[in-house]
Every structure is written in C-alpha cells, then in structure tokens.
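**Student:** I'd like to go over a predicted model; first the sequence, then the structure.
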Amino acid sequence: MSSTPLKVAVTGAAGQIGYSLLFRLASGALGDRPVELRLLEITPALKALEGVVMELDDCAFPTLAGVEIGDDAEKVFDGVNLALLVGARPRGPGMERGDLLEANGAIFTAQGKALNKVAADDVRIGVTGNPANTNALIALSNAPDIPTDRFSALTRLDHNRAISQLAAKTGAPVTDITRMTIWGNHSATQYPDLFHAEVGGRNAAEVVGDQRWLEDDFIPTVAKRGAAIIEARGSSSAASAASATIDAARDWLFGSAKDDWVSMAVLSDGSYGVPEGIVSSFPVTTKDGDWEIVQGLEIDDFSRGRIDASTAELSEERATVTELGLI
Ligand SMILES: NC(=O)C1=CN([C@@H]2O[C@H](COP(=O)(O)OP(=O)(O)OC[C@H]3O[C@@H](n4cnc5c(N)ncnc54)[C@H](O)[C@@H]3O)[C@@H](O)[C@H]2O)C=CC1
Ligand SMILES: O=C([O-])CC(=O)C(=O)O
C-alpha cells in the first residue's frame, strides 16, 4: 500500500452530501492509505467550508494527511487522483432531476476543462451532482485529454436502494443479494433489473415470483425513492448519497466482489443496444481502477422496453445540452 496520500477532490464540499462524505473519506472509507482532501466551493460558501474543516481537524483522523480548500477549480484539482463532483443545485419538491440541466450543466463544463488541465494522469472522476448522467457527459466532453472511461456517474445509490428493497421483500440479508443492475438514467425512468439479480444464488425474479410486485411496487419504489425522501425530509438524500458515492469510488479503485457486479453509469459503447454517446448505467465489474460492462446477459421484451425508455430520455438530455452548447 502506497503511503503517498491519495489526493481526493470533492466539489460542493460545504453542502449536505459533503457534510457526510468528507468525514467518511477522512476516516478511512477508501482504505488505510492516507487521503489529502481538496475541497472546492463557490466563494460565498467558503466560510461555511472553513467551519467544516475545523470539524475535520477536531476529529484527529489518522488517515487524513491534509486539507486544502478554495474556489478556483484549477488550483483545487491540481494533481488529484480522484475527483468526486458533487457540487450542484439539488431539486426541490415537484421537480424532476432533468429540470436541473440548464442550472447545473455549466458547472460541469468548467470543471471538465479544469480537470483536463491539472488532474493527475491516473485521475478517476465520479459525478454525483444531478442530473448526474448528463453532467458526466458534459464533463468528459470538456476534457478531451482524459480518457472517457475515467468518468462515471452515480447510480450506486439506486443499486443500493434496489438491494435493500429486495432484501426486505425476500427476508434475505443484503449480503445474499448479488448481481443487481440499474440500467439507464439516474431518474424516474431508470430500470432496476431483477431478472439477472440473485438471492442466495437463485434468480431474484423467480424467488419473488410476483410480476405485479416487481412492476407496481419494486420498480417505482426504487425509481422514485429520491422524491419520497425529499417529500419526507424536506431536502434530498444526503448521507445515503455520500455512502453510495464512497461505495462506488471504493469498488472502482479496488475492485468489485468476485462473482458479483455493480451498477455504474459510463459512456455507452453500444453494448445492449444502448446508443453510443450517452452516459448510461450498466452492470459492470471493476478492477484496479478500470471497469468493464458485463456482457452476454439475455434481455427479454419487458427489460428491453424499460431500458429503451430510459436511454431515450438520456438521448433527449444529450440533445438539450448540445443545443445549450455545453458539449
Ligand atoms: N446521483 C445521486 O444519486 C444523487 C445526487 N444528488 C445531487 O447531488 C448534488 C448535491 O446535493 P446536496 O449536497 O444535497 O446539495 P447542497 O445544496 O446541500 O450542496 C451543494 C453544494 O454545491 C456547491 N456548489 C454549487 N456550485 C458549485 C460549483 N460551481 N463548484 C463547487 N461547488 C458548488 C454549493 O455552494 C453547495 O454548498 C445535487 O445536485 C443533488 O441533486 C443528491 C443525492 C443523490
Ligand atoms: O432525488 C433527488 O433529487 C436526489 C437524488 O438524486 C436521489 O436521492 O436519488
């Protein structure tokens, strides 16, 4: 294990997700290797961020090698190995995540350009800020010197939600649930797929044996969970989003479990008929900072329709950001 600190950038560090994410990163959620945090905020939020840094200091975390904060992306991103792009406006009640495209898109053009200039050669970039898939597309389109497979958008929260719902339905522990897949967009059109998931090694759709539950309960509960949390909490999910951001980064850097896979939104290569040029969620295996889309899964007509609906929405988002001149 290298003792050189892993330089981890977090944007929107003074926000809700940041308040959970930073403490997890600093306390060793990515392993024993020390981390140096590089925290980006907009100027008016820097004072609040200073307060968060005081709290990080007060934890005396052994794995925290240093913290730098600032409002200049090129300075903050200098030499970073991992960039977690969280900072963006969240949606409120009654909004869809796609409604944020115009407000948030510009953030990701500037940050893509800055990463392109100053990030480390081995940088990995995870986008959490919504609409996450298309923001990742904007960032990678503005970073022509960084390989496109270094960018991903977060659908791990949806993946974890799907595991939790299936565990509750079947009475199995979450550790028995494997091969969960979220296809498509991190939006209400996403498709959480039980036809390839397994419960204790058995096909999940067969274990459940209830297509009505799958269609009318499971899929909408997972796909609309973000809205349900906004409704209940008055603000969008934060600790669970931070936890999923960590899960995704950890598995990307250190590998997914043997005989299992994870969901990650990545630039489509056309696998499973998903149009190239959109950032869509797939089942992927990861190893040493690389990912591969799991190939060879059979897609029946039901799944085909769901995947196509979600990827059609991503193609529309792509058209919108093209019109806005963001890619
Ligand atoms: N992909 C996913 O699963 C999830 C995504 N989200 C998204 O994550 C984003 C952040 O959510 P919260 O932390 O709850 O929001 P928040 O409003 O509490 O914090 C966002 C922070 O970003 C900062 N910010 C805005 N523009 C910035 C810029 N150009 N550079 C750096 N920082 C900037 C703001 O000052 C603020 O402190 C939202 O877009 C939200 O919708 C939230 C939950 C799950
Ligand atoms: O729903 C939202 O706006 C926040 C989010 O992405 C989620 O909780 O999945």
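**Tutor:** Sure thing, it's come through. Ligands and ions are numbered 1, 2, ... in the order given.
**Student:** which ones are touching the residue of the chain found nearest ligand 1?
**Tutor:** Nearest to ligand 1, among the residues of the chain, is residue 15, at 1.9 Å (Cβ to the nearest ligand atom). In short, each C-beta sits where N, CA and C put it, glycine included. Taking Cβ atoms under 8 Å, 6 or more residues apart in numbering as the criterion, residue 15 is in contact with 45, 86-87.
**Student:** repeat the analysis, applying 10 Å as the threshold.
**Tutor:** Shown in contact with residue 15 (Cβ atoms under 10 Å, 6 or more residues apart in numbering): 21, 41, 45, 48-49, 52, 86-90, 129, 238.
**Student:** kindly report the same for residue 190.
**Tutor:** Taking Cβ under 10 Å, 6+ apart, one finds 133, 155, 158-159, 162, 182-184, 219, 222-224, 263, 265, 280-281, 306-307, 309-310, 313 in contact with residue 190.
**Student:** in PyMOL, select just the buried ones from those residues.
**Tutor:** Buried residues among those (16 or more other Cβ atoms under 10 Å), as a PyMOL selection:
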select buried, resi 133+155+158+159+162+182+183+184+219+222+223+263+265+280+281+306+307+310+313
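**Student:** out of the contacts of residue 190, which sit inside helices?
**Tutor:** 133, 158-159, 162, 219, 222-223, 306-307, 309-310, 313 (DSSP state H).
**Student:** who's in contact with the closest residue to residue 241 other than its chain neighbours?
**Tutor:** Once flanking residues are discounted, residue 241 sits nearest to residue 17: 5.0 Å by Cβ to Cβ, 6 or more residues apart in numbering. Residues in contact with residue 17 (Cβ under 10 Å, 6+ apart) are 10, 84, 86-88, 90, 128-129, 236-245.
**Student:** mind doing that once more with 6 Å?
**Tutor:** 86, 238, 241-242 (Cβ atoms under 6 Å, 6 or more residues apart in numbering).
**Student:** check the average confidence over stretch 115-134, would you?
**Tutor:** Stretch 115-134 shows a mean pLDDT of 98.
**Student:** span of that stretch from start to end?
**Tutor:** One end of stretch 115-134 sits 17 Å from the other (Cα to Cα, to the nearest Å).
**Student:** next helix or strand past the longest strand seen in the chain?
**Tutor:** Scanning the chain for the longest strand, with DSSP state E as the assignment, gives strand 279-287. Following strand 279-287 in sequence order, the next helix or strand is strand 290-293 (DSSP states H and E).
**Student:** return that next one as CSV; C-alpha atoms alone will do.
**Tutor:** Output of strand 290-293 as CSV, limited to C-alpha atoms (Å, rounded to 0.1, in the frame of the first residue of the first chain):
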residue,chain,number,x,y,z
ASP,A,290,-10.8,0.0,-14.6
TRP,A,291,-14.3,-1.2,-15.4
GLU,A,292,-15.9,-3.5,-17.9
ILE,A,293,-19.5,-3.8,-18.9
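**Student:** contact partners for the residue nearest the centre of the chain?
**Tutor:** Nearest to the mean C-alpha position of the chain, by Cα atoms, centre = their mean, lies residue 154 at 1.3 Å. Listed by Cβ under 6 Å, 6+ apart, the contact partners of residue 154 are 128, 132, 248.
**Student:** repeat the analysis, applying 7 Å as the threshold.
**Tutor:** 126-128, 132, 186, 244-245, 248 (Cβ atoms under 7 Å, 6 or more residues apart in numbering).
**Student:** pLDDT on the longest strand of the chain, on average?
**Tutor:** 98.
**Student:** cool, and stretch 231-246?
**Tutor:** For stretch 231-246, the per-residue pLDDT averages 97.
**Student:** does that stretch come close to ligand 1?
**Tutor:** Yes - part of stretch 231-246 sits near ligand 1 under the criterion Cβ under 6 Å from any ligand atom, namely 236-238, 241.
**Student:** just among those residues, which is most surrounded?
**Tutor:** Neighbour counts for the residues of stretch 231-246 next to ligand 1 (other Cβ atoms under 10 Å) peak at residue 241, which has 23 neighbours.
**Student:** which residues does that one contact?
**Tutor:** 17, 128, 157.
**Student:** and the residue in the stretch 101-250 of the chain positioned nearest to ligand 2, what does it touch?
**Tutor:** Per Cβ to the nearest ligand atom, residue 226 is where the stretch 101-250 of the chain lies closest to ligand 2, at 2.1 Å. Listed by Cβ under 7 Å, 6+ apart, the contact partners of residue 226 are 236-237.
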